[in-house]
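Undergrad: Give me the fold of what follows.
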Amino acid sequence: MAWTVAFHQAAEAEFLAQPEDVQAKFERIKTLIDRFGLERLPAKYARHIEGTLWEFRLKGKDGIARALYVTRTGQRIVVVRVFSKKTQKTQRREIKVAIERAKEIQ
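TA: This is a model prediction of the structure:
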């Protein structure tokens with residue numbers, strides 16, 4: 001079974017607000033997941049944050065962004081928060097927003 005990628009409604013709007021090159025990086029990561037599976041995605045593209053929360057690392061000419069996601073049964077990835085990264089460490093408020101949105105996902 002292949003992995004599917006979906007967006008929380010608010011996260012989709014946040015994603016579409018990102019620069020085109022950052023969106024293209026996400027599409028590249030999505031292609032890698034389609035081809036090889038999430039479990040074989042290189043660590044430079046994704047890392048664990050806490051609990052069930054993970055992040056895709058998106059870097060483009062116009063900036064750096066993060067897409068926080070959770071996985072669900074049936075090999076489903078749900079992106080719950082997308083934001084531009086301004087500091088070295090992911091801010092706690094971004095993680096809290098993602099955790100609250102993840103609770104809404106079934």
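
Undergrad: Using PDB, write out every CA atom in the top helix by length along the chain.
TA: Longest helix in the chain, counting residues (DSSP state H): helix 20-36. Extracted in PDB, the C-alpha atoms of helix 20-36 (Å, rounded to 0.1, in the frame of the first residue of the first chain):
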ATOM      1  CA  GLU A  20       7.000  28.500  -4.800                       C
ATOM      2  CA  ASP A  21      10.400  27.000  -4.300                       C
ATOM      3  CA  VAL A  22       9.500  25.900  -0.800                       C
ATOM      4  CA  GLN A  23       6.300  24.300  -2.200                       C
ATOM      5  CA  ALA A  24       8.400  22.600  -4.900                       C
ATOM      6  CA  LYS A  25      10.700  21.100  -2.200                       C
ATOM      7  CA  PHE A  26       7.600  19.700  -0.500                       C
ATOM      8  CA  GLU A  27       6.500  18.100  -3.800                       C
ATOM      9  CA  ARG A  28      10.000  16.600  -4.300                       C
ATOM     10  CA  ILE A  29       9.800  15.000  -0.800                       C
ATOM     11  CA  LYS A  30       6.300  13.800  -1.600                       C
ATOM     12  CA  THR A  31       7.600  12.200  -4.800                       C
ATOM     13  CA  LEU A  32      10.400  10.400  -2.800                       C
ATOM     14  CA  ILE A  33       7.800   9.100  -0.400                       C
ATOM     15  CA  ASP A  34       5.700   7.800  -3.300                       C
ATOM     16  CA  ARG A  35       8.600   6.100  -4.900                       C
ATOM     17  CA  PHE A  36      10.500   4.700  -1.800                       C
END
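
Undergrad: Mean confidence (pLDDT) on the following helix or strand past it, please.
TA: Later in the chain than helix 20-36, the nearest helix or strand by DSSP states H and E is strand 46-50. Strand 46-50 carries an average pLDDT of 95.

Undergrad: Can you tell me how far Ala46 is from Ala13?
TA: With distances taken as Cβ to Cβ, to the nearest Å, Ala46 is found 22 Å from Ala13. Glycine gets a C-beta too; all of them are placed from N, C-alpha and C.
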